[in-house]
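Asker: Pasted the sequence and its predicted model underneath.
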Amino acid sequence: MILRLFLTLASAGIFALCFPDGPLPLSAFVCLAPFALALHGATARTGLLLGSLCGFSFWLIGAWWLANGFYFYVTLPWYAAWFWTVAGCLLAALPYALFGLLCAHFGWMNTTLGRIKAAAAFTVFLSWYPFLFPGNYVHSLYSSPLLIQSLDLGGLPLLLFLVTLVNFFAAGAVMERTEYRRIFKSVLAVSAVLALILGYGVCRLKMLHKDMSNTDKGHSVKVVSIQPNLPLTRAGKTHIFGNSKQHDDHNTALKQSAEAIQRFPDAQAIIWPELPGGIPCDPENETWRAVGDLAQKSGIPFIVNCYEYDPIAGGDYNKAQLIKGSGEFGPSYRKQILLPFGEYLPGERQLPWMRKLFPRTLHYIPGNDTTPLPLGDEVLVIPTLCYEVLFPRLVRDFVLEGGGVIVNLVDDVWFGESDASAIHMALAIYRAVEFRVPLVRATNSGNGVFVQPTGEIVKGSRTPVFKAGMTSFPLFIPEKRSVYAVIGDIFLILLTLVWGVVVILSSFSKRGWLFQGFYNKNSNNML
């Protein structure tokens, strides 16, 4: 048992090395292998324990910074912030626990076919589970565009399935190290999956690079991203990170915008990020009057973040507002996927006492419109506010409406000096590849990027953390969208159906299979 625990923790250690921005991102291809070895020959009860430990360790390593968010954003005391962070990691470990139970009971790690079933189960559980932040270990590969091109076929579930296959086949090679014929099969399987990933990556990148050099295959867009690095104020106290200054405010962004107009007169838009404190969506607001004047004088539209109170609904909308080149307010987008415990309290109507636990949680309400914002006659912007860019189904709705470039307005200052913004950035980049649209990530406090539809970060576009600045780079918009944009999650649905049918048929053939697996230490039945 001690060895199994050690192997599971070894997977957590490798996860720490590969998860954004770990020093060894390619170790994602062996991250789960020790965990798979620990499940080999284990009872279902042991598998449940190991799966829980693996999932909890992964999430605590990758999302410990949620405690900063609870402290700075929700303004909980530190002890409460850490309590809810740990509770969230335990909840997020449930699909790993279920996977460990089933994998150990059925003995999926014993055969090549079983490992394919295990990879399918792992993909299905992680893809359907409603995670607060839908990230996993394969996001480590964002810095290697060659390896993530399959996203345009089946989205994240397809890439997760392929990389997990490599992990489990690699574990199989270790298990069968004394049986040369079987180890050859495992090595061959690893080679085949890697060849598939690399081969498709080479072909797609070559085609896209060719299109990017041919103006007839699409067109370009150039916007300016403003990064003011405004400080964070919590309960009346200002927290300074990096080169931010206590007196920095919205005027800082205005000054940067005026400079941007001089430096980039050919820009098609100036993008502001989310800003601490927010600004009301009122054309008569002093800040927006100043923005309107800049837009009118330069003819360059702005996309800005503001909030709008709805007295009927009794809450605020978080909005991305287009200010036209004429200086007038144009169309806007109301944020649809709100941040739980930050922008709203889940289940507050049914459990009103929760407001006593989270008194500073905001009262935002979701919008429901996915109409892109127009920039001229050719470019339609997909506006996403902060973490909702992590959800491909929302982005796909915009793409199907003609959206051609993702603009993500972000403020990660709430998470302090942590890896949160880098992780947020890595997860967002996958949307560009999935739908073959470029991405502009405009941030208040760093890790802003310009990303081509290939998933490649434009050289020099990634902004430093907690430093003010502005960036502008041309991006290519292909004329055609991806297969995934057209078919959606067909791969995940088919994988779920096939895997579910196999499991159900198997369970019917084993009376009381679950409880037998829990108490029979020699249970290694194969599906």
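Answerer: Ah, there it is.
Asker: Residue ranges in this structure under the pLDDT threshold?
Answerer: 177-181, 217-218, 234-247, 507-527 (pLDDT under 70).
Asker: Domains in it, by residue range?
Answerer: The chain resolves into domains spanning 2-211+493-519, 215-485 when parsed by automatic domain parsing.
Asker: Using CSV, please lay out these together with mean neighbour count.
Answerer: In short, each C-beta sits where N, CA and C put it, glycine included. What follows is these, written out as CSV (neighbours: other Cβ atoms under 10 Å):
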stretch, mean neighbour count
domain 2-211+493-519, 19
domain 215-485, 19
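Asker: May I ask you to confirm that Phe133 is in contact with Leu390?
Answerer: Yes: between Phe133 and Leu390 a contact is recorded at 6.7 Å, counting by Cβ atoms under 8 Å.
Asker: what touches both of those two?
Answerer: Here Phe133 and Leu390 have Leu427 as joint contacts, going by Cβ atoms under 8 Å, 6 or more residues apart in numbering.
Asker: any idea where the helices of the stretch 51-200 of the chain begin and end?
Answerer: 66-72, 78-92, 94-106, 112-128, 151-175, 180-212 (DSSP state H, counting those that start in this stretch).
Asker: And for the stretch 401-527 of the chain?
Answerer: Shown for the stretch 401-527 of the chain, the helices assigned by DSSP H, counting those that start in this stretch span residues 420-435, 483-487, 490-508, 513-519.
Asker: With distance to Trp78 as new columns, can the ones you listed be given to me in a markdown table?
Answerer: Converted to a markdown table, the helices of the stretch 401-527 of the chain look like this (distance: least, Cβ to Cβ, whole Å):
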| stretch | distance to Trp78 |
| --- | --- |
| helix 420-435 | 17 |
| helix 483-487 | 42 |
| helix 490-508 | 39 |
| helix 513-519 | 39 |
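Asker: wait, which of the ones you listed is closest to Val30?
Answerer: Among the helices of the stretch 401-527 of the chain, helix 420-435 comes nearest to Val30, with 19.1 Å by Cβ to Cβ.
Asker: related to what we said a few turns ago, out of the helices of the stretch 51-200 of the chain, which is closest to Gly314?
Answerer: helix 66-72 (24.5 Å).
Asker: Check which helices and strands the closest one sits against.
Answerer: Contact partners of helix 66-72 among helices and strands, from 3 or more Cβ pairs under 8 Å, 6 or more residues apart in numbering; DSSP states H and E: helix 78-92, strand 232-234.
Asker: Go ahead and measure how far it is from the middle of the chain.
Answerer: How far helix 66-72 lies from its chain's middle: 18 Å, per Cα atoms, centre = their mean, to the nearest Å.
Asker: Run through who's touching that helix.
Answerer: By Cβ under 8 Å, 6+ apart, helix 66-72 touches 76-78, 80-82, 84-85, 88, 232, 234, 239, 341-342, 413-416, 418, 420.
Asker: dump the residue contacts of the residue sitting nearest the centre point of the chain.
Answerer: For the chain, the residue nearest the mean C-alpha position is Leu427 (3.0 Å; Cα atoms, centre = their mean). Counting by Cβ under 8 Å, 6+ apart, Leu427 touches 133-135, 139, 389-390.
Asker: any idea which of the residues you listed is closest to Arg436?
Answerer: Nearest to Arg436 among the contacts of Leu427, counting by Cβ to Cβ, is Val389 at 15.8 Å.
Asker: That closest one: what secondary structure?
Answerer: helix (DSSP: H, G, I helix; E, B strand; the rest coil).
Asker: quick one: contacts for it?
Answerer: Residues near Val389 by Cβ under 8 Å, 6+ apart: 395, 406, 408, 427-428, 431, 441.
Asker: Quick one: the residues you listed as CSV, columns for distance to Lys480 too.
Answerer: Below are these laid out as CSV (distance: Cβ to Cβ, whole Å):
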residue, distance to Lys480
Val395, 16
Ile406, 16
Asn408, 22
Leu427, 24
Ala428, 22
Arg431, 17
Arg441, 23
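Asker: hang on, the earlier thing: now the helices and strands packed on helix 66-72 in TSV, with distance to Arg115?
Answerer: Putting those into TSV (distance: least, Cβ to Cβ, whole Å) gives the following:
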stretch	distance to Arg115
helix 78-92	24
strand 232-234	47
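Asker: Do I have it right that Tyr364 meets Asp316?
Answerer: Yes: assessed by Cβ under 8 Å, Tyr364 is found in contact with Asp316 at 5.3 Å.
Asker: joint contacts of the two?
Answerer: Residues touching both Tyr364 and Asp316 by Cβ under 8 Å, 6+ apart: Tyr307.
Asker: how about the helices in the stretch 201-350 of the chain?
Answerer: Going by DSSP H, counting those that start in this stretch, the stretch 201-350 of the chain shows helices at 250-263, 286-298.
Asker: hey, C-alpha coordinates of the longest one in CSV?
Answerer: Coordinates of the C-alpha atoms in helix 250-263 are reproduced here as CSV (Å, rounded to 0.1, in the frame of the first residue of the first chain):
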residue,chain,number,x,y,z
HIS,A,250,-9.1,54.7,-14.7
ASN,A,251,-7.2,57.8,-15.8
THR,A,252,-4.2,55.6,-16.1
ALA,A,253,-6.0,53.6,-18.8
LEU,A,254,-7.1,56.8,-20.5
LYS,A,255,-3.6,58.1,-20.7
GLN,A,256,-2.4,54.8,-22.2
SER,A,257,-5.2,54.9,-24.7
ALA,A,258,-4.2,58.4,-25.8
GLU,A,259,-0.7,57.2,-26.3
ALA,A,260,-1.9,54.1,-28.1
ILE,A,261,-3.7,56.2,-30.6
GLN,A,262,-0.5,58.0,-31.4
ARG,A,263,1.6,54.8,-31.6
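Asker: any idea of the angle that helix forms with helix 286-298?
Answerer: 10 degrees (axes from the mean of the first three to the mean of the last three Cα atoms, to 10 degrees).
Asker: Off-centre distance for helix 250-263?
Answerer: With Cα atoms, centre = their mean, you get 30 Å for helix 250-263.
Asker: Show residues contacting that helix.
Answerer: 224, 226-228, 230, 267, 270, 272, 275, 279, 287, 290-291, 294, 297-298, 300, 302, 468, 470, 472.
Asker: beta partners of the residue lying closest to Pro438 once chain neighbours are set aside?
Answerer: Sequence neighbours aside, Leu475 is the residue nearest to Pro438 in space, at 3.7 Å (criterion: Cβ to Cβ, 6 or more residues apart in numbering). Counting by DSSP bridges, Leu475 forms beta bridges with Val221.
Asker: Report the separation between Leu475 and Tyr484.
Answerer: Leu475 sits 20 Å away from Tyr484, going by Cβ to Cβ, to the nearest Å.
Asker: Likewise for Leu113?
Answerer: Distance of Leu113 to Tyr484, given as Cβ to Cβ: 27 Å.
Asker: next one: Asp316
Answerer: Distance of Asp316 to Tyr484, computed by Cβ to Cβ: 33 Å.
Asker: Which of the helices of the stretch 401-527 of the chain sits closest to Thr463?
Answerer: Using Cβ to Cβ, the helices of the stretch 401-527 of the chain put helix 420-435 closest to Thr463, at 9.8 Å.
Asker: could you give the angle of the closest one to helix 180-212?
Answerer: Using the same axes, to 10 degrees, helix 420-435 lies at 80 degrees relative to helix 180-212.
Asker: Just want the angle from helix 420-435 to helix 151-175.
Answerer: Using the same axes, to 10 degrees: helix 420-435 against helix 151-175 is 110 degrees.
Asker: got the CA positions of helix 420-435 in CSV?
Answerer: What follows is helix 420-435, C-alpha atoms only, in CSV (Å, rounded to 0.1, in the frame of the first residue of the first chain):
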residue,chain,number,x,y,z
ALA,A,420,-3.5,31.9,-11.7
SER,A,421,-3.1,34.3,-14.6
ALA,A,422,-0.7,31.9,-16.5
ILE,A,423,-3.2,29.0,-16.0
HIS,A,424,-6.1,31.2,-17.1
MET,A,425,-4.1,32.1,-20.2
ALA,A,426,-3.2,28.5,-21.1
LEU,A,427,-6.8,27.4,-20.9
ALA,A,428,-8.0,30.3,-23.0
ILE,A,429,-5.5,29.6,-25.8
TYR,A,430,-7.2,26.3,-26.6
ARG,A,431,-10.3,28.1,-27.8
ALA,A,432,-8.2,29.6,-30.7
VAL,A,433,-7.2,26.1,-31.9
GLU,A,434,-10.6,24.5,-31.4
PHE,A,435,-12.4,27.0,-33.6
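Asker: Perfect, that will be all.
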